[in-house]
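K.L.:
One predicted model, sequence on top.
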Amino acid sequence: MKSFFRFLYELIGSPQPPSETPVYREVIFPNVGLLTLGVSLALVLIFYYLINRAMGVATFNKVRHWTIFLMANAIIAFIIAIVQCNSQQVAEHSYIYWLATINALYGLLWFFLFSVILRKGSTNASTTPF
Amino acid sequence: MAKLFLFGIGGTGSRVIRSLTMLLAAGVQLPNCDRVVPIIIDPDAHNGDMNRTVDMLKSYQQIYNRLGQREDGFFHTNISTLSSISADTNGGVKDTFVFDFGGINQSFRQYLSYDQLSIDSKGLVELLFTQDNLESPLTIGFRGSPNVGSVVLNKVVDSPEIRFFADNFQAGDRVFFISSIFGGTGAAGFPLLLKNLKDQNTRLSNARYLRDALTGAVTVMPYFALQSEDNSIIDSNSFLTKTKAALSYYEHNLQGLDALYYLADTPDTPYENQPGGTAQRNKAHLIEVLAALSIVDFMQYPDAELRNGGPHFHEYGLGVDTQELNFSHLPDESREMIAKQLTQFLYFTRYHKQHLPTDKAPYHDNLNLDYAMRNEPIFKELNNFLHSPEFGVDEWLKELAQNRRAFRPFDLTTDDFNAMIAGKPVEKKWNDFFNKGLSQNYFLNSLNDAAKSIQEPDNFKKLLALFDRVTDKAFEEKVKVV
């Protein structure tokens, strides 16, 4: 698990400053990765199964509505990375924002993949986003 | 495979068949038969009422043929042309709902070969017929003259169509006649046809089946008046006199009927005086719906009950004498027959017009409706049946609402499904914020849900099945009773 998230987040380069590499690899990457996966899954479930199935809302199923959730997921993923870095009291560095940005992109990716996998179970959004 | 042979005679016959077809399209049950065979008998080949009824029947038939046999739902009753009940037509019977008079392009005088008659016969003809009768062109029917009709319609009995009808008549089939008593074609045609079908000495085949067949009729007494015009041939002031004369004939000369339904109404706003032709296209009237209900009522009787102690005579009375009727003014029995089905059909028709073309939803994608509604002929046919300005459901409901007496079970001016049933809005609880009653969201959610559970590869059949189910659910959950 740790090596999986280390692989994902080190695609943009090694953590900076180098002295804090162990904290990133041992704590921050797994935490941020799992939280982002969890939040993406939760938002997908809310969109497809809560709103567009259980609540019976049939007019919140367009691509634009899905995009709102997608972007919200990216913003949350961005914030998660920053909050995690701050909570581990790593040194202030522009790397934190690069990490947050790539996490936002992974958030987009997870949300998209979960959407593709789970959309068929929805009543009103089974054809969203395509 | 019991059949109901429905003889619609004259303009009233066409109009009642139009209303019956609407009821059957809405899903009203017609028990004790698997197939309805309308035979419209009207020598006026250009009659506006008849032609739009025929157009509608053809449209219904195409839709039914695509949907196939089902136990219930919209368009579930098989309506066929006479020729389609058997493959062996000998080429003499056309595939049409209308009896083929072969174009009687002559006057009554020519039809009788008056000039070749002996002096004595001419005298008799002049005693029985006026000069107007004799000069009347038969191309536009009998113009309110049953004495003319009773001569010309004898041709019907010896026709290939009636022989074909008799050849294919089977035990268990029923016959029903629709006619008016105060006009020309219906008043003459009904007793004439009945007499010939039930005749002990008939030359028609299956004579025993015909004689034993359960036979009903609705005879419509005056329910409209015509504008008085000095040079017009039809004078509606004579309707009552003609009715009395015909009734006194019926009293002693209608043999072989098992049930007879009488309907009448007090005329209100007079119709435009059109003796026939394309211009004779009257607005749909409540009486025609009630006459159509008499056919449903007749078919609901089991064989044993109809044969026991007949003939059974029926008259109809409204719960309240009002000029604008909705469902609540109908007696319970009538309301139970049609209210739910017509409400479902209205929801379908309105949703089809208001939302179906623009919906973006899984059910829409699942049925490929964007493509189908633009390109597939059967979807265009359904659109015709529902919205044609000539014969569509919208037009029929509008005419019923505009006529006097008006039948206005629905508010046709609103787009709000909650307010469509006149006098019976769908209740929304003030404390239930999420319950919007019959909103577009409600229909969309139900359609999407049903689309997942109905496994039907044919997109047209699935569309109808979806709306059957969804409108049924809407009625049961939100309307409950009317």
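P.N.:
Great, that's in hand. Numbers count the residues shown, from 1 in each chain, chains lettered A, B, ... in the order given.
K.L.:
near chain B, which residues of chain A?
P.N.:
Counting by CB under 8 Å from any CB of the partner chain, chain A comes close to chain B at A:Met55, A:Gly56, A:Val57, A:Ala58, A:Thr59, A:Asn61, A:Lys62, A:Thr123, A:Asn124, A:Ala125, A:Ser126, A:Thr127. No exception for glycine: its C-beta is placed from N, CA and C like everyone else's.
K.L.:
Which one (most neighbours) among those?
P.N.:
For the residues of chain A next to chain B, neighbours were counted by other CB atoms under 10 Å in any protein chain shown; the highest total belongs to A:Ala125, with 29 neighbours.
K.L.:
Tell me the secondary structure at it.
P.N.:
Secondary structure, DSSP: H, G, I helix; E, B strand; the rest coil: A:Ala125 is coil.
K.L.:
burial of B:Gln170, as a residue count?
P.N.:
12.
K.L.:
nearest residue to residue 79 other than its sequence neighbours?
P.N.:
By default, I'm working from chain A. A:Ala100 (7.6 Å; CB to CB, 6 or more residues apart in numbering or on different chains).
K.L.:
that's the wrong chain, I wanted chain B
P.N.:
Here the residue nearest B:Ile79, using CB to CB, 6+ apart, is B:Val36, at 4.9 Å.
K.L.:
So which residues on chain B come close to chain A?
P.N.:
B:360-362, B:365-366, B:434, B:440-442, B:444-445, B:448-449, B:452.
K.L.:
out of the residues you listed, which are inside helices?
P.N.:
B:Pro362, B:Asp365, B:Asn366, B:Gln440, B:Asn441, B:Tyr442, B:Leu444, B:Asn445, B:Asn448, B:Asp449, B:Lys452 (DSSP state H).
K.L.:
Can you add pLDDT and neighbour count and give these back as TSV?
P.N.:
Below are those laid out as TSV (pLDDT from 0 to 100; neighbours: other CB atoms under 10 Å in any protein chain shown):
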residue	pLDDT	neighbour count
B:Pro362	94	26
B:Asp365	93	17
B:Asn366	92	19
B:Gln440	89	16
B:Asn441	90	16
B:Tyr442	91	22
B:Leu444	93	26
B:Asn445	93	24
B:Asn448	94	29
B:Asp449	93	21
B:Lys452	91	15
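K.L.:
Which single one of the residues you listed is nearest to B:Phe97?
P.N.:
B:Asn366 (35.5 Å; CB to CB).
K.L.:
residues in contact with the closest residue in space to B:Leu286 that isn't next to it in sequence?
P.N.:
Sequence neighbours aside, B:Phe407 is the residue nearest to B:Leu286 in space, at 4.1 Å (criterion: CB to CB, 6+ apart). For B:Phe407, the contact set (CB atoms under 8 Å, 6 or more residues apart in numbering or on different chains) comprises B:His285, B:Leu286, B:Val289, B:Leu325, B:Asn326, B:Leu400, B:Ala401.
K.L.:
Neighbours of the fifth one, how many?
P.N.:
Other residues within reach of B:Asn326 by the criterion other CB under 10 Å amount to 20.
K.L.:
Kindly report the same for B:Ala264.
P.N.:
Neighbour tally, B:Ala264, other CB under 10 Å: 17.
K.L.:
Name the helix or strand for the closest residue to chain A within the stretch 201-350 of chain B, please.
P.N.:
Nearest to chain A, among the residues of the stretch 201-350 of chain B, is B:Tyr347, at 16.0 Å (CB to the nearest CB). Assessed by DSSP states H and E, B:Tyr347 sits inside helix B:332-354.
K.L.:
between that helix and helix B:440-453, how big is the angle?
P.N.:
The directions of helix B:332-354 and helix B:440-453 differ by 90 degrees, with axes from the mean of the first three to the mean of the last three CA atoms, to 10 degrees as the criterion.
K.L.:
quick one: secondary structure of A:Val90?
P.N.:
Secondary structure, three-state DSSP: A:Val90 is coil.
K.L.:
my read: it touches A:Glu20, true?
P.N.:
Yes: between A:Val90 and A:Glu20 a contact is recorded at 4.9 Å, counting by CB atoms under 8 Å.
K.L.:
In terms of neighbours, single out the busier of those two.
P.N.:
A:Val90 (21 against 18).
K.L.:
mind checking how far the more buried one is from chain B?
P.N.:
46 Å (CB to the nearest CB, to the nearest Å).
K.L.:
who touches that residue in this structure?
P.N.:
Here A:Val90 is in contact with A:Glu20, A:Val23, A:Tyr24, A:Ile28, A:Ile96 (CB under 8 Å, 6+ apart).
K.L.:
who touches the residue of chain B found nearest chain A in this structure?
P.N.:
Closest approach between chain B and chain A, counting by CB to the nearest CB: B:Leu444, at 3.5 Å. Neighbouring residues of B:Leu444 by CB under 8 Å, 6+ apart: A:Ala58, A:Thr59, A:Asn124, B:Asp359, B:Ala361, B:Tyr363.
K.L.:
give me every residue that touches the residue of chain A found nearest chain B.
P.N.:
Residue nearest to chain B within chain A (CB to the nearest CB): A:Ala58, separated by 3.5 Å. A:Ala58 makes contact with A:Asn52, A:Thr123, A:Asn124, B:Ala361, B:Gln440, B:Asn441, B:Tyr442, B:Leu444, B:Asn445, B:Asn448 under the criterion CB under 8 Å, 6+ apart.
K.L.:
Then B:Leu210?
P.N.:
B:Ala166, B:Phe169, B:Val175, B:Leu197, B:Lys198, B:Thr202, B:Leu204.
K.L.:
Could you verify that the first one is part of a strand?
P.N.:
No: inclusion of B:Ala166 in a strand is not indicated when three-state DSSP is applied; the result is helix.
K.L.:
Before I go, just wanted to say thanks for your time.
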